[in-house]
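Visitor: Here's my sequence, what's the structure:
(chains A and B)
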Amino acid sequence: MKTLRIAAVHAILVLASAATLYPVLWVVKMALSPSQGFAMSPSPLPTKVTLQNFIDVVSTHDASGWLFGRQLFNSIVVAAAVTVVGVALACSAAYALSRFRFGGRTLTLRAFFLSQMFPGVVTSIPLYVLLDHLALLNRLAGLVLVYATTAIPFCVFMLKGYFDSLPRELEEAVLLDGGTRFDAFWRVALPLSRPALAVTALFCFLTAWNEFILAFTFMTDPRSWTLPVALQRYVGDYSTEWGHFAAGAILVSLPVMALFFALERHLVGGLTQGGVKG
Amino acid sequence: MASLTIDHVGKDHGATRVLGDVSLTVADGELLVLVGPSGCGKSTLLRCIAGLEELSRGAIVMDGVDITRAEPRDRDIAMVFQSYALYPHLSVRDNLAFGLKMRKTAPGEIARRIGDAAEMLGLDALLDRRPAQLSGGQRQRVAMGRAVVRRPKVFLFDEPLSNLDAALRGQMRVELMRLHQRLGATMVYVTHDQVEAMTLADRIAVLSQGALMQVGPPAELYARPTNLFVARFLGTPEMNIVGAAAAQASGLVAALPDTVASVGVRAEDLHVAPGGVGAQVDVVEHLGPEALVHLRVEMIELTARVDARQVPRVGERITVAVDAARLHCFDAAGQRVEGRQATADSPKLGIGKP
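Guide: Have a look, this model is predicted:
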């Protein structure tokens, strides 16, 4: 009876894994196949293997030079800047909301919460007008500003939950040891929040790295595109270059996967700690 | 070192009055223990002295200087927290050095002071460990070391031994006394444990519901509690308290003046003696050299401390007598009625005869 149950559980797990991995394998298959057509065969394995699609995507050029390199650079700069700005602003805001009682504190928290209730598309038109006024359309700075503002509310909640779970005595000890409130934040609260900071940083990076709709709306010049927008170029009105699209999708995913594995230890710790204690 | 004056201090949390109107002085080099049940305001008072809580009323003066509004870092006070509050991401050495670095002490001086403190508290072998790698007692010593290296004017202790097991608590109590003797420092120590208060204190201040009940040397508080609360709170087992009418009716005490509403007898002042009042033995607790005998005189439940060689059996009928000179009398409001005054009005008061 017990063996039967274990067998059933394993069968379900194998099926679930296959269902999850199948589309991914399909993308790999399309990326490695020489044709640009949409492969209709149910087999997830390619019949012929070639790296030509990857070479084509990476070596994309336009009149002024290496376009793929430029777009990769855009993506990295935007994601890194959003991470730095997002984490820096979110941790100071979260610390203030966690430790101090001041007028408008609850209102601020509610406003943050409210901003999370709308999908990003809803705000795209007002943001477009705003960026236009600020002359930030087609500028990476504009994108950084928009991504940081959308990412910060979630980051603040995440970090506030974590700061709430840190014992206050530690910071009181700093105050009695001759430190200021800033010392308590900088020398004790922040170093102890490394797991939560890692999660927050990854969230900021992913938000910026994967975002498509807003970047597609605000960036009209191919030289200011980020990689997700560049990928979309392979899906045309009359034909779609599935091979290039799949190869591009894999290239875009690689840094994210690398980052995730690098931070995995912190992520698991951070998520459970924030969840249980926060 | 410094003296500390707490002058009509009060603290409210919203509508709740945590501290009423507390006035106290701590002399230079004195160890004052604030004791009381949980929620009595003792930790709040300590945090007010540290500057971690703002006062609602009153002032705190250290060495003649009003520090009521001073920032915690400007008070030159060190505190040992109940949770130890060691910085988990720093080694023991860095924990000890933290306060000195904050105060821009020279590196050579920091190393020297850490060496001294480590030797004094037996931390030499632990200096490169993190707090998580230490036992409870070791963490406690590091927390004390962190206060000691600073050489502050005043040390504050917030129930520092309450997280330790009984054996370790006894050991740390002795270490604390040694530390106090060696440093000769002004210390304020908060605890809810009356044994800790009795053993450590130069003077004890008993708090209840935000008000000061009595301040004095441990022996004085034990021998002459000013009210029923202090009488009950200090001493193990708790003082036997009996209503004056019942005590007289049972013959336990002779006639009492009208002002006396209840009388108190410590367990060691209730003797198993021939010619006393009849009592029934209910339960016997053996403590080694002595035993606590729970007995009943009519409907009155009493506890007597008895030498281990003279312990009666459970169920046995014995006679007990009260040492009249050690009888504590209280009025209807629970305030002490002085023994002499009570006995003067009542010359017959003495060991009860059946």
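Visitor: how many neighbours does residue A:197 have?
Guide: 21 (other CB atoms under 10 Å in any protein chain shown). (Each C-beta comes from the backbone N, C-alpha and C, glycine too.)
Visitor: Which secondary structure state does it sit in?
Guide: Using DSSP: H, G, I helix; E, B strand; the rest coil, the structure places residue A:197 in helix.
Visitor: Kindly report the same for residue B:12.
Guide: Taking three-state DSSP, the label given to residue B:12 is strand.
Visitor: And stretch A:250-268, what's buried?
Guide: Residues A:250-252, A:255, A:259, A:263, A:266-267 are the ones in stretch A:250-268 that count as buried (16 or more other CB atoms under 10 Å in any protein chain shown).
Visitor: Can that stretch be said to contact chain B?
Guide: No: using CB under 8 Å from any CB of the partner chain, stretch A:250-268 stays clear of chain B, coming no nearer than 14.2 Å.
Visitor: how far out from the middle of the chain is that stretch?
Guide: 10 Å (CA atoms, centre = their mean, to the nearest Å).
Visitor: So which residues on chain B come close to chain A?
Guide: B:50-52, B:71-73, B:75, B:77-79, B:81-83, B:85, B:87-89, B:98-99, B:102-103, B:146, B:150.
Visitor: List only those of those residues flagged as buried.
Guide: The buried subset of the residues of chain B next to chain A - by 16+ other CB under 10 Å - is B:50-52, B:72-73, B:75, B:77-79, B:81-83, B:85, B:87, B:89, B:98-99, B:102, B:146, B:150.
Visitor: Chain B: which of the buried residues of stretch A:250-268 is nearest?
Guide: residue A:266 (14.2 Å; CB to the nearest CB).
Visitor: For residue A:200, see how far away the closest one is.
Guide: Using CB to CB, to the nearest Å, residue A:266 is found at 11 Å from residue A:200.
Visitor: So which of the residues of chain B next to chain A are in strands?
Guide: B:77-79 (DSSP state E).
Visitor: Export those residues as CSV, with columns for pLDDT.
Guide: Formatted as CSV, these follow (pLDDT from 0 to 100):
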residue, pLDDT
B:77, 95
B:78, 95
B:79, 95
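Visitor: out of these, which one sits closest to residue B:318?
Guide: residue B:79 (50.9 Å; CB to CB).
Visitor: For residue B:217, see how far away that closest one is.
Guide: Taking CB to CB, one finds residue B:79 at 25 Å from residue B:217.
Visitor: avg pLDDT for stretch B:45-64?
Guide: Stretch B:45-64 shows a mean pLDDT of 95.
Visitor: Would you mind listing the buried residues in it?
Guide: Quick answer for stretch B:45-64 (16+ other CB under 10 Å): B:45-53, B:55, B:58, B:60-62.
Visitor: Tell me the gap between that stretch and the middle of its chain.
Guide: 21 Å.
Visitor: Kindly report the same for stretch A:165-184.
Guide: Worked out by CA atoms, centre = their mean, stretch A:165-184 lies 33 Å from the chain centre.
Visitor: List the contacts of it.
Guide: Stretch A:165-184 is contacted from outside by A:99, A:185, A:187-189, A:192-193, A:273-274, A:277-278, B:50-52, B:71-73, B:75, B:77-79, B:81-83, B:85, B:87-88, B:98-99, B:102-103, B:146, B:150, using CB atoms under 8 Å, 6 or more residues apart in numbering or on different chains.
Visitor: Dump the C-alpha coordinates for that stretch into CSV.
Guide: Only the C-alpha atoms of stretch A:165-184 are listed here, as CSV (Å, rounded to 0.1, in the frame of the first residue of the first chain):
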residue,chain,number,x,y,z
SER,A,165,11.3,41.2,13.0
LEU,A,166,14.8,42.5,14.1
PRO,A,167,15.0,42.9,17.9
ARG,A,168,14.9,46.6,18.8
GLU,A,169,17.3,46.0,21.7
LEU,A,170,20.1,45.6,19.2
GLU,A,171,19.6,49.1,18.0
GLU,A,172,19.1,50.4,21.5
ALA,A,173,22.4,48.9,22.4
VAL,A,174,24.0,50.9,19.6
LEU,A,175,22.4,54.1,20.9
LEU,A,176,23.8,53.4,24.4
ASP,A,177,27.1,52.4,22.9
GLY,A,178,27.5,56.0,21.7
GLY,A,179,26.0,55.6,18.2
THR,A,180,23.4,57.7,16.4
ARG,A,181,20.1,56.4,14.9
PHE,A,182,22.0,56.3,11.6
ASP,A,183,24.7,54.1,13.1
ALA,A,184,22.0,51.8,14.4
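Visitor: just to revisit the earlier point, among the ones in strands among the residues of chain B next to chain A, find me the one that's closest to chain A.
Guide: Closest to chain A, out of all of these and judged by CB to the nearest CB, is residue B:79, at 5.1 Å.
Visitor: in the sheet, who's paired with the closest one?
Guide: residue B:156 (DSSP bridges).
Visitor: ok, for residue 160, nearest residue in space, not its chain neighbours?
Guide: I went with chain A, as the question did not name one. Nearest residue to residue A:160 in three dimensions, chain neighbours excluded: residue A:94, at 4.1 Å (CB to CB, 6 or more residues apart in numbering or on different chains).
Visitor: Hmm, no, I was thinking of chain B.
Guide: Per CB to CB, 6+ apart, closest to residue B:160 is residue B:80, 4.7 Å.
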